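**Q** Sequence and predicted structure are below.
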Amino acid sequence: DLLHVGVAYYTKTVFLNALDHHGFNHADGLAPVNVSDNAAVYVPPAGPGGMGGGFMIVFYVLLFAAMYFLMIAPQRKKQKEHEKMLSTLSTGDEIVTSGGIFGTITNVKEDRFVVRVAENTKIEVGKSFVSTVVKQAGAEKS
């Protein structure tokens, strides 16, 4: 064990002397970091962060802006168009629900539509579940 410590000390001394001989010292920007009692590793000291924290702030702002224009804005536009479509629906319009049920609106209530899906069969559908309009009432067939 004593031999091991002696060899490690000799190796450490030779290594440090070699570094100093080749011009690696504290003034050149290398600082010793003790890994254990028997060895030392030279790493560059922590300096300024290059572009700094300002770059990261700009990066996150640009990332958020890209996400907004690519994802959020188109979704809001689609939602507004859907709300406009729902507000123009009236009795006699043929619709398709999000569940795929085709029917004709027979009555408009505050939060839902009464939809005829077959002869003598009516269901109430929440307004938000109307997916598309097949034909507006009074519109000509094409």
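**A** Thanks, I have it. This structure is a prediction, so every number in the text was calculated from the model and none was measured.

**Q** all contacts plus neighbour counts: C-alpha atoms, from now on.
**A** Fine.

**Q** Which stretches in the chain count as strands?
**A** 31-34, 40-43, 94-97, 102-108, 112-118, 121-126, 130-135 (DSSP state E).

**Q** Select, out of these, the one closest to K78.
**A** strand 130-135 (11.9 Å; CA to CA).

**Q** coming back round to it: in TSV: the strands of the chain, plus distance to Q75 and mean neighbour count.
**A** Listed next are those as TSV, based on distance: least, CA to CA, whole Å; neighbours: other CA atoms under 10 Å:
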stretch	distance to Q75	mean neighbour count
strand 31-34	53	14
strand 40-43	50	14
strand 94-97	19	20
strand 102-108	25	19
strand 112-118	23	18
strand 121-126	21	14
strand 130-135	15	17
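
**Q** The ones you listed: which one's closest to R76?
**A** R76 lies closest to strand 130-135 among the strands of the chain, at 16.0 Å (CA to CA).

**Q** what angle separates that closest one from strand 112-118?
**A** Relative orientation of strand 130-135 versus strand 112-118 (axes from the mean of the first three to the mean of the last three CA atoms, to 10 degrees): 60 degrees.
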